[in-house]
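Engineer: Quick one: sequence and predicted model below, then my questions.
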Protein chains: 2
Amino acid sequence: MSESTRYLLNESDLPRYWYNVLADSPVSLPPVLHPVTKEPVTPDFLSALFPMDLILQEVSTERYIEIPEEVREAYKLYRPTPLIRARRLEKALGTPAHIYYKYEGASPSGSHKSNTALAQAFYNKAAGTKALTTETGAGQWGSALSMACAFFDMELEVYMVKVSYNQKPYRRFLMETFGAKVFASPTNLTQAGRAILAQDPDSPGSLGIAISEAVEVAATSNGTKKYSLGSVLNHVLLHQTVIGEEALKQMDMAGEYPDVVIGCVGGGSNFGGIAYPFLRENLRNGQRTRLLAVEPTAAPSLTRGIYAFDFGDTAQMAPIVKMYTLGHSFIPPSIHAGGLRYHGMAPSICALYDAGLIEAVAVPQRATFEAAVLFARHEGIVPAPESAHAIRAAIDEALLARQQGEKRVILFNLSGHGNFDLTAYDAFNHGRLEDYQLPEEAIQSIRERLPQVPEQIGA
Amino acid sequence: MSESTRYLLNESDLPRYWYNVLADSPVSLPPVLHPVTKEPVTPDFLSALFPMDLILQEVSTERYIEIPEEVREAYKLYRPTPLIRARRLEKALGTPAHIYYKYEGASPSGSHKSNTALAQAFYNKAAGTKALTTETGAGQWGSALSMACAFFDMELEVYMVKVSYNQKPYRRFLMETFGAKVFASPTNLTQAGRAILAQDPDSPGSLGIAISEAVEVAATSNGTKKYSLGSVLNHVLLHQTVIGEEALKQMDMAGEYPDVVIGCVGGGSNFGGIAYPFLRENLRNGQRTRLLAVEPTAAPSLTRGIYAFDFGDTAQMAPIVKMYTLGHSFIPPSIHAGGLRYHGMAPSICALYDAGLIEAVAVPQRATFEAAVLFARHEGIVPAPESAHAIRAAIDEALLARQQGEKRVILFNLSGHGNFDLTAYDAFNHGRLEDYQLPEEAIQSIRERLPQVPEQIGA
């Protein structure tokens, strides 16, 4: 009974470098294309949206990028985060597996999103940016960037997917408390929003639409506003690697090494954050950890999407990247894991998945909430519905280990708490939550909606 | 820039003993009286409500009471909690003061209440209790006990003050996710509830009424259910002293000692939890730390109440104790700090306050939310409105230090986060939050509503 439950690091263990997986990836990324010309973008095009430091990180192949002292100071409010051994859950499952989770939900904004929000706010502030625009789905990203903008004294406009805006008023109240302005997307403030509303005045919105709006506002601001994205891009996943770097040290404290590392995926940032440092150990130091990305059956980009060039947003204003996609016009069902509704996926994850270095699985919504409630009743933490996808997969791995009668060391990323998602739990608790399977026709029609790219690039 | 922000303890630093202030208090507590006979209660009366271990703790004068290993194991999910230096807030205030806060809000239930919930659930389980009943105001206590009952596999009925039940649906969803049954009090399930509803069908409820209901259900259950209280009682404050014991070690890590220790008070448990170990150092080791209890002007028991024997609940079913009271029939205004609406106060805090060993101050609601928003924008954490009262007082101390040009070391207890209280922040952000001053007539009429107790006791 006196074994450790939490593995805590000191401030001095806070990573000094972000890890760039592109330095070690055996596959290189296809170029990012301009949404109109379909030719590789220039830094000029990107500089309308991002400060130069982030553009350089986006294209960097340096293995380690130093974390600025100001960002480390801000991280210290909540980092290093704990690694926790789920002893009560193991016992409840009767499994020989050891289950560990890295808990990112104790950050002030309640999720891992602060790791990149603070970095992006810092680099923008350093470049003289006065205001940022962004989108948010479930609200984790908007909350984190709102806090970061309060810290670095910048204004922020958040375009929040309308279905989440209505489902999660507390998220808006939180962002406003930090000083942000929050709009239900699609709005009539942008061309992109007005075009969607003209077609469908009751549009529930989507991340793709909200991205279009936030990008448009920044791109047409004559340089007064920059745009900030909470997932998908290389520099975002880069900032999240502090999760995996800390976890490596903490697994060492626990005297174990994971057989499998699990994270949920929407845009891919929390998964990349925990998995990439372990992928480095696979590629450079002979480890053989399985890396498992978990997505909802309602938005299964990796497991059912097509690996192709597609727009990052609905209005075709954002760059075109090669990724597993459900099509940029995909309007996902209103599942409660709002953060996992994106039509695409981080290009780096897609390339590594395509190369067989990462695995993926899709899990349905009700089984996910069953796992979440089991976890809450034994570990005390009510997880974010997004993170619960990782819990579902971790439990399935633990049950398989029991069935096979073998020890297995499982590590998953508990990327956020579910305090703002309790209406979804209420629906589940009272049998009102439904499963959703994307119909085959929706998959069939993806290819015809893809942009035409020059043959030598698309090949 | 490389100074410490968070002071973290290891699992091995988790306290092994709770500290019982009654062993060192220079004033002893008046007897607890039976609500009907008005004579000192016997353990028999209490044993209908509580298991014997807790009754013994309630009357103990032992200085240290060992924390059971099972409770320490459960604590390890979130304890030791961090001590954080509010460097950004200090800078924003331009104060020479050093401000530290002990952060209890990173516990799974979001507040300090888990410290006693886990202990009470453990002792009840050990005594064979199958089900517990309790009340909750803002919902912190009900959430914590729901989690604790899930951990120790017991049923739970929560009587939730109706105004909070309606203001805070997420709290109910959370308790239900842990498996608890939640009722809006007053209910028609109890005599106490029906009597209130007969007088006022629209009664918003109060902690006093909810306590009556929960006590009645346990007392009339033929021993199948016990009752659990989240504050006020000696054993509850006892369990909370892990906060102060850890803070003593952490202040030592920081190389400082507090000039003033601050906590908000409703029933008094989070304040007692952080303050009593420091009071011990005052009484036994020659320290001279000021201990400051902060209450809302809307429910100012210590600063405007009367020190007298009064019922612990509205329906006069709970024991009579000597405390600073606003009268057991006090129906407080619907201020948003639901946890601070109790008509009375922990008897030990009242006796120590009466003896001049503790100070108290009342702060109005809007000034409290101003402090909370300032804190959130600099420290990242949106505090529970209850805890924000302590922040207001801490900021006032820091501003006074600036005015007087002197260093001052301030420690306050950030007893919980405000993730479930964002409607109150929304009201504040949009100018809809009002101050409330208890009218003088309400104070004048307290004495005539007090119970008559035998002269030799009341003297």
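Structural biologist: Received, thanks.

Engineer: which sections of the stretch 301-450 of chain A are below the confidence cut-off?
Structural biologist: Across the stretch 301-450 of chain A, nothing is flagged by pLDDT under 70.

Engineer: neighbours around whichever residue of it sits closest to chain B, how many?
Structural biologist: As assessed by Cβ to the nearest Cβ, chain B sits closest to A:Gly380 within the stretch 301-450 of chain A, at 3.3 Å. For glycine as for every other residue, the C-beta is placed from the backbone atoms N, C-alpha and C. By other Cβ atoms under 10 Å in any protein chain shown, 23 other residues sit near A:Gly380.

Engineer: Show me which residues of the stretch 251-400 of chain A sit near chain B.
Structural biologist: Contact residues, the stretch 251-400 of chain A versus chain B (Cβ under 8 Å from any Cβ of the partner chain): A:Val373, A:Ala376, A:Arg377, A:His378, A:Glu379, A:Gly380, A:Ile381, A:Val382.

Engineer: Let me see the contact set for the first one.
Structural biologist: With contact set as Cβ atoms under 8 Å, 6 or more residues apart in numbering or on different chains, A:Val373 has these partners: A:Tyr425, A:Phe428, A:Asn429, B:Thr177.

Engineer: farthest-separated two in the residues you listed?
Structural biologist: Greatest spacing in those, by Cβ to Cβ: A:Phe428 and B:Thr177 (8.3 Å).

Engineer: would you list every one of the helices in the stretch 51-200 of chain A?
Structural biologist: Counting by DSSP state H, counting those that start in this stretch, the stretch 51-200 of chain A has helices at residues A:52-59, A:69-75, A:87-93, A:114-126, A:140-151, A:162-167, A:169-177, A:191-199.

Engineer: got a markdown table for the residues of the stretch 251-400 of chain A next to chain B, with secondary structure too?
Structural biologist: Shown next, in a markdown table, are these (DSSP: H, G, I helix; E, B strand; the rest coil):
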| residue | secondary structure |
| --- | --- |
| A:Val373 | helix |
| A:Ala376 | helix |
| A:Arg377 | helix |
| A:His378 | helix |
| A:Glu379 | helix |
| A:Gly380 | coil |
| A:Ile381 | coil |
| A:Val382 | coil |
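
Engineer: okay, now the domains of chain A?
Structural biologist: A:6-14+A:80-110+A:241-458, A:18-67+A:112-234 (automatic domain parsing).

Engineer: will you turn the ones you listed into CSV that also has distance to B:Val321?
Structural biologist: Formatted as CSV, these follow (distance: least, Cβ to Cβ, whole Å):
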stretch, distance to B:Val321
domain A:6-14+A:80-110+A:241-458, 32
domain A:18-67+A:112-234, 37
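
Engineer: Which helix runs longest in chain A?
Structural biologist: helix A:385-404 (DSSP state H).

Engineer: Name the residues that touch stretch A:31-38?
Structural biologist: Here stretch A:31-38 makes contact (Cβ under 8 Å, 6+ apart) with A:39-41, A:45, A:309, A:311, A:316-321, A:347, A:451-454, A:457.

Engineer: Show me the residues you listed that map onto helices.
Structural biologist: Cross-referencing the contacts of stretch A:31-38 against helices under DSSP H gives A:Phe45, A:Pro347, A:Ile457.

Engineer: Output these as TSV; include the columns neighbour count and distance to A:Asp24.
Structural biologist: Converted to TSV, the ones in helices among the contacts of stretch A:31-38 look like this (neighbours: other Cβ atoms under 10 Å in any protein chain shown; distance: Cβ to Cβ, whole Å):
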residue	neighbour count	distance to A:Asp24
A:Phe45	17	28
A:Pro347	21	16
A:Ile457	15	25
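
Engineer: what about whatever residue of the stretch 201-350 of chain A ends up closest to chain B, is that helix, strand or coil?
Structural biologist: Using Cβ to the nearest Cβ, the single residue of the stretch 201-350 of chain A nearest to chain B is A:Met253, 10.7 Å away. Classification of A:Met253 using three-state DSSP returns helix.

Engineer: Reformat the ones in helices among the contacts of stretch A:31-38 as CSV; add distance to A:Arg288.
Structural biologist: Shown next, in CSV, are the ones in helices among the contacts of stretch A:31-38 (distance: Cβ to Cβ, whole Å):
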residue, distance to A:Arg288
A:Phe45, 41
A:Pro347, 25
A:Ile457, 34
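
Engineer: okay, now whatever residue of the stretch 151-300 of chain A ends up closest to chain B: neighbour count?
Structural biologist: Ranked by Cβ to the nearest Cβ, the top residue of the stretch 151-300 of chain A for proximity to chain B is A:Phe173, at 3.8 Å. Neighbours of A:Phe173 under the rule other Cβ under 10 Å: 23.
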